[in-house]
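can't give you the sequence, but here's the structure:
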């Protein structure tokens, strides 16, 4: 299928939008009337610019409150339509989108609506134009695609067809099976939007919270499978109204939109039979098994601080890079890379962000396929000079300009540690604390970026969204969205502040961009780990006594367990399946910190404990803070 987007989806002026749409790879564009009205040139100029950019103007929209009007309003509506026909011919598009009326003057009746459309269709035929009729979910008389199709069917005019819109159908939870009975040549356009499932009237939901496919919760794949049954093989076009998008990057939003349509097409292809010679095929989503490593960029001061903390957590230095000032620290299956080299990407990253996580290594089943998938979905690949004896690790740009490396078990990439690092016997380290693996990596970002990164991760990798939660911080609300792999080996909580004084907002301000704020390690015995941390000289984040008094009231825990939790500063949660234990280090390098967790058949993240942890961190946080202006 060909892809298009309505100009109303994007921020910026019309020229910015058209350039971004073309650069993102769309085939067509819908011109929204307001964008044309605010443009300083003529409709003919706009049409020529569209064609010069290699795009097709597929529709002019919207034409509102047309059908069912009494005279003289009916005659005025036909006159308005003729004026729009003039504009369409200058633009170089042959399709006008007509929304079902919301006018209080309009009378009901499918036959009356069909009669009006038939007459206007005849006028359009004389100009070589077509009409697409769409049922608004809040339409006065027609608010169901089944009724809209019946209007089109009874109009019985070759120049009058149906426009299907996923939002108007799915937000009302309308049945989909009947879509397959609509002839493909009578469907003139399919518009696509996703949305969260929230308690909100449909008009408000539509005007403020529509989003790109994959960013919401509507069953778009089911819609696409129903559409496939018709044999439709023309444009899929985005029509999104979103308050966050109105202030976002035009270029980023256009890329997100194109990525989202391809992801939707891909899900439909893998979910059922594909019709049409132009159906796309994409490499499969990259299967992520676990985190292979986390790489920190540091200078000498940051290295001493980070290595001291890692040592207290029980890590050992086990490798030294053969040619660079890069060291490897391990414990269990955890690899931490500390990069203090004065050249290359990590050094540049440190120059901007200071001590920071500059890269994550993901263990994938096939690195070549993973790169191909990432490129197909418009991720930015990364290359830097490879020195003697080094491997070229495939990588793409991730959150905040950091890197995501692909490591696979087979071939040279599976021997990266032996190839690039020489083994080091670290006899001076403190004792192992029983840490096993990386449980999750938490990334913080601006609120308006979250939907973009959710789409990025879920489109490229086999990661799925968990239900989002809002976390209460003493300085404001933080929106949290977890995405994770089917086996739980890769978990990525994405956090975004609603207000500007939360700890997450402070991190973004000091860090100067989105990035990793904390890393959680897993253990099978959190109390043994906590004891070893103390023996190694570690002071953990202090949790108030009131918290443990409340735990006793909520869970009726055994006195011995409650005492151990209190003595070791361990946070606790329980659900119907199991138990969860958490302990935190104090912050380092500003706003970074580590967490250690023990899961006992528990799949969550202890969200109920987040306000307690955030309050404890706030008490010891620097008081001086300048909010970041987005």
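Received the coordinates, thanks. A quick note: this is a predicted structure, and the numbers were derived from the prediction, not measured.

all contacts plus neighbour counts: C-alpha atoms, from now on.
Noted.

quick one: average pLDDT of the one helix or strand residue 123 maps to?
Using DSSP states H and E, residue 123 falls within helix 110-126. The average pLDDT for helix 110-126 rounds to 97.

show me what the next helix or strand after that helix is packed against.
Using DSSP H and E, the helix or strand that directly follows helix 110-126 along the chain is strand 130-134. Helices and strands touching strand 130-134, by 3 or more CA pairs under 8 Å, 6 or more residues apart in numbering; DSSP states H and E, are strand 95-99, helix 110-126, helix 145-155, strand 160-165.

mind redoing it with 7 Å?
For strand 130-134, the elements it packs on are strand 95-99, helix 110-126, strand 160-165, judged by 3 or more CA pairs under 7 Å, 6 or more residues apart in numbering; DSSP states H and E.

to the chain's geometric centre, what's the distance from the helix holding residue 123?
42 Å (CA atoms, centre = their mean, to the nearest Å).

cool, stretch 598-606 as well?
The chain centroid and the centroid of stretch 598-606 are separated by 24 Å under CA atoms, centre = their mean.

report the buried residues of it.
Residues 598-599, 602, 605-606 are the ones in stretch 598-606 that count as buried (16 or more other CA atoms under 10 Å).

circling back: buried sites along the helix holding residue 123?
Buried residues in helix 110-126, counted by 16+ other CA under 10 Å: 110, 112-118, 120-125.

hang on, the earlier thing: turn the helices and strands packed on strand 130-134 into TSV, including distance to residue 535.
What follows is the helices and strands packed on strand 130-134, written out as TSV (distance: least, CA to CA, whole Å):
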stretch	distance to residue 535
strand 95-99	70
helix 110-126	80
strand 160-165	62
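
the strands in the stretch 501-630 of the chain, which residues?
515-523, 571-574, 579-584, 593-600 (DSSP state E, counting those that start in this stretch).

check what pLDDT residue 628 gets.
37.

end-to-end on stretch 196-205?
9 Å (CA to CA, to the nearest Å).

ditto for stretch 339-350
With CA to CA, one end of stretch 339-350 sits 10 Å from the other.

centroid-nearest residue for this protein?
With distances taken as CA atoms, centre = their mean, residue 454 lies nearest the centre of the chain, 2.0 Å away.

for the record, mean pLDDT for the lengthiest helix in the chain?
Criterion DSSP state H: the longest helix present in the chain is helix 250-271. What helix 250-271 shows for mean pLDDT is 93.

hmm, who's touching that helix?
10-12, 17, 20-21, 24-26, 212-214, 221, 224-225, 282, 377-378, 452, 459 (CA atoms under 7 Å, 6 or more residues apart in numbering).

any low-confidence regions in the stretch 151-300 of the chain?
Across the stretch 151-300 of the chain, the ranges flagged by pLDDT under 70 are 272-280.

what are the ranges of the strands in it?
160-165, 187-192, 235-238, 288-297.

sheet partners, orientation included, of the third one?
The one in question is strand 235-238. With DSSP bridges as the test, strand 235-238 is paired with strand 2-6 (parallel), strand 187-192 (parallel).

mind putting those into CSV with distance to residue 257 and mean neighbour count?
Listed next are those as CSV, based on distance: least, CA to CA, whole Å; neighbours: other CA atoms under 10 Å:
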stretch, distance to residue 257, mean neighbour count
strand 2-6, 8, 23
strand 187-192, 10, 23
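
other SSEs contacting the host helix or strand of residue 482?
Counting by DSSP H and E, the element that carries residue 482 is strand 476-484. Identification of packing neighbours for strand 476-484 by 3+ CA pairs under 7 Å, 6+ apart yields strand 464-465, strand 469-473, strand 491-497.

can you list contacts of the shortest one?
I take that to be strand 464-465. With contacts defined as CA under 7 Å, 6+ apart, strand 464-465 is touched by 458, 482-485.

rerun at 10 Å
Applying CA atoms under 10 Å, 6 or more residues apart in numbering, the contact partners of strand 464-465 are 214-217, 454-455, 457-458, 481-486, 491-493.

what's the answer for the second one, then?
Counting by CA under 10 Å, 6+ apart, strand 469-473 makes contact with 477-482, 495-499, 501-504, 607-615, 618, all of which sit outside it.

how about a cut-off of 8 Å?
With contacts defined as CA atoms under 8 Å, 6 or more residues apart in numbering, strand 469-473 is touched by 477-481, 502-503, 607, 610-611, 614-615.

buried sites along it?
Quick answer for strand 469-473 (16+ other CA under 10 Å): 471-473.

for residue 234, give its distance to residue 186.
Distance of residue 234 to residue 186, computed by CA to CA: 11 Å.

quick one: which of the two has more around it?
Neighbour comparison, residue 234 and residue 186: the larger count goes to residue 186, with 20 against 17 (by other CA atoms under 10 Å).

give me every residue that touches the closest residue to that one other than its chain neighbours.
Once flanking residues are discounted, residue 186 sits nearest to residue 161: 5.0 Å by CA to CA, 6 or more residues apart in numbering. By CA under 8 Å, 6+ apart, the residues touching residue 161 are 130-133, 152, 186-188.

which one of those is nearest to residue 577?
Set against residue 577, the nearest of these by CA to CA is residue 187 (48.2 Å).

coming back round to it: so which of the contacts of helix 250-271 sit within helices?
In this view, the contacts of helix 250-271 that belong to helices under DSSP H are 17, 20-21, 24, 221, 224-225, 452, 459.

and residue 310, how far from residue 334?
Using CA to CA, we find residue 310 at a distance of 11 Å from residue 334.

what's residue 606 sitting at in phi/psi?
Main-chain torsions, residue 606, degrees, to the nearest 10: phi 60, psi 40.

ok, now residue 67?
Dihedral angles of residue 67 (phi, psi; degrees, to the nearest 10) stand at phi -80, psi 150.

and for it, the neighbour number?
Residues within reach of residue 67, counting by other CA under 10 Å, total 27.

how close does it sit to residue 118?
From residue 67 across to residue 118, the span is 11 Å (CA to CA).

good, we can wrap up now.
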